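Student: Dropping the sequence and predicted coords here.
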Amino acid sequence: MKIEDLDYKIPRELIALYPKKPRDESDLIITGKNLKKLKFKELVNELKPNDALIFNNTKVIKAYLEGTVNEKKISINLNKLENKKKNIWSSFIKSKEKIKKNDKIIFFKAFHAIVDSLKDYENQITYNLKFNISFLKLNKIMKTYGRMPIPPYIQKRGFLDSDFNDYQTIFAEKEGAVASPTASLHFTNKLIESLKKKKIKIIKITLHVNGGTYLPIKTKNILHHKMHFEEGYISDKSANEINKIKREGGRVIAVGTTVLRLLESSKTNKGLIKPFKGKTNIFIKPGYEINSIDGLITNFHTPKSTLLLLIYALYGKNKTKKLYQYAIKQKLRFYSYGDACLIWNSNERI
């Protein structure tokens, strides 16, 4: 498969720059014999008692910072903590000037970072920044002065105070992500209560999403793409709860591609889930057998992305194209603040 197979065109007005309010008023497309559209809050009617929804409880940190190099303004999206003791972070930098090793980035008096090294990741430069303060002090500064690391296409409309809540899920507990598990953004506390009343199980696992999520595939042959590593954690309790649902005939629905990637990183050959603690760079593409879940709730993803390729693996290329065409025709909203779909896992990958 070539990169052109992952491309599609979308009307600009369908790219969501703001979320629906309330969140569960978003639209939801359900796959099956026919595609059907309903409100996200009606998800409860599509699920059965003893089904389980698996959520990512990572918490997005305020990882967007602004500073200067040689008195020229630059913007920084911290990506991943590489060395906690030395407080070195891999980062994406936006600058009109070329950033070089040993450049000093000044944020304000007594707070700066040195460009420790540069790496070329899929034709995207990442910069390892060594801060002159401790990890704990940096964390405090980020909470005060940092901004939510909303995707670049949303940043173009400017940062809003509301993004602090809008770009954070109601399940956010474990700090460490620099991108939101956006499928979960559609859930409200009211919807969760309705799901629980119907005896639908809510289970949480953790994958700290990093900025590599947004990097498009740039290799002509997608098989040559290198996936980014992310930290994940599945407790004994969560693994046991998921497997219990499976044994008792309930359906396991992953809420978001981050959840699916972590479950697939920790499964047995038969799709049972094992406890997990570590890093994963799993690359799910057509031909890969997905058997850890019965369904996936996910947003509509950007062209040429590994996320869209994952949907091809789960649902099939042609069916995914029809799904996206239907979503465009129905004027659904795309990307992080957009609408969603529930894709049931089947053996038909066409």
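Tutor: Cool, the structure landed.

Student: make it CA atoms for all contacts and neighbour counts henceforth
Tutor: Noted.

Student: Tell me, how many residues neighbour F131?
Tutor: Using other CA atoms under 10 Å, F131 has 20 other residues around it.

Student: Could I get the contacting residues of it?
Tutor: F131 is in contact with K86, N87, I88, F111, H112, A113, I114, counting by CA atoms under 8 Å, 6 or more residues apart in numbering.

Student: any low-confidence regions in the stretch 1-150 of the chain?
Tutor: For the stretch 1-150 of the chain, the stretches with pLDDT under 70 are 121-123.

Student: just how off-centre is stretch 9-18 within its chain?
Tutor: 18 Å (CA atoms, centre = their mean, to the nearest Å).

Student: What is the end-to-end distance of it?
Tutor: End-to-end distance of stretch 9-18 (CA to CA, to the nearest Å): 20 Å.

Student: contacts for it?
Tutor: I154, R157, P303, I328, K331, L332, R333, F334, Y335, S336, Y337, G338.

Student: Select from those the one having the most neighbours.
Tutor: That'd be S336 among the contacts of stretch 9-18, by other CA under 10 Å, with 28 neighbours.

Student: Just the buried residues of the strand or helix carrying K319, please?
Tutor: Following DSSP states H and E, one finds K319 within helix 317-329. By neighbour count on 16 or more other CA atoms under 10 Å, the buried set for helix 317-329 is K317, K319, T320, K321, L323, Y324, Y326, A327, I328.

Student: how near is the second one to T31?
Tutor: Distance of K319 to T31, given as CA to CA: 10 Å.

Student: Which neighbouring residues are in contact with K331, exactly?
Tutor: Going by CA under 8 Å, 6+ apart, the list of residues near K331 reads L14.

Student: Backbone dihedrals for it, both of them.
Tutor: Taking degrees, to the nearest 10, you get phi 60, psi 40 for the backbone angles of K331.

Student: what's the pLDDT at it?
Tutor: You'll see K331 listed with a pLDDT of 97.

Student: what's around E248, how many residues?
Tutor: Using other CA under 10 Å, E248 has 10 other residues around it.

Student: What residues does it make contact with?
Tutor: Counting by CA under 8 Å, 6+ apart, E248 has no contacts.

Student: K201 versus that one, what's the distance?
Tutor: 13 Å.

Student: now swap in P149 and tell me
Tutor: Counting by CA to CA - P149 and K201 are separated by 31 Å.

Student: residues contacting I273?
Tutor: A239, N240, I242, N243, L263, S266, K267, S292.

Student: Now do it, the pLDDT please.
Tutor: Confidence score, pLDDT, at I273: 98.

Student: Once you drop chain neighbours, what's closest to K104?
Tutor: I114 (4.7 Å; CA to CA, 6 or more residues apart in numbering).

Student: quick check, that neighbour in a helix?
Tutor: No. Looking at I114 with DSSP: H, G, I helix; E, B strand; the rest coil, it is strand, so not inside a helix.

Student: Now do the SS call for E4.
Tutor: E4 - assigned by three-state DSSP - is helix.

Student: okay, now it: neighbour count?
Tutor: E4 has 12 neighbours, counted by other CA under 10 Å.

Student: now swap in K48 and tell me
Tutor: So K48, with other CA under 10 Å, has 14 neighbours.

Student: and if you look at G278?
Tutor: Neighbour tally, G278, other CA under 10 Å: 11.

Student: Read off the pLDDT value for it.
Tutor: So G278 comes in at 96 (pLDDT).

Student: Show me this protein divided up by domain.
Tutor: 3-60+165-344, 64-146 (automatic domain parsing).

Student: Now do N128 against T213, distance only.
Tutor: Taking CA to CA, one finds N128 at 18 Å from T213.

Student: more neighbours, the two?
Tutor: N128 (26 against 18).

Student: what pairs with the more buried one across the strands?
Tutor: S90, S117 (DSSP bridges).

Student: and the helix holding K319, what does it pack onto?
Tutor: helix 306-315 (3 or more CA pairs under 8 Å, 6 or more residues apart in numbering; DSSP states H and E).

Student: Tell me the helices and strands packed up against the helix it packs on.
Tutor: By 3+ CA pairs under 8 Å, 6+ apart, helix 306-315 packs against helix 317-329.

Student: Okay, and K226 sits in which element?
Tutor: Counting by DSSP H and E, K226 is part of no helix or strand.

Student: Could you report the pLDDT at it?
Tutor: For K226, the model assigns a pLDDT of 84.

Student: Repeat that for I350.
Tutor: Reading off the model, I350 has pLDDT 51.

Student: which ones are touching the residue most central in space within the chain?
Tutor: The chain has P181 as the residue nearest its centroid, 3.9 Å off, counting by CA atoms, centre = their mean. The contact partners of P181, by CA under 8 Å, 6+ apart, come to N56, T58, T169, V209, G256, T257, T258.

Student: repeat for R251
Tutor: R251 touches N50, D51, A52, I245, I293, D294, G295, counting by CA under 8 Å, 6+ apart.

Student: Which of those residues fall in helices?
Tutor: Secondary structure from DSSP state H places I245 of those in helices.
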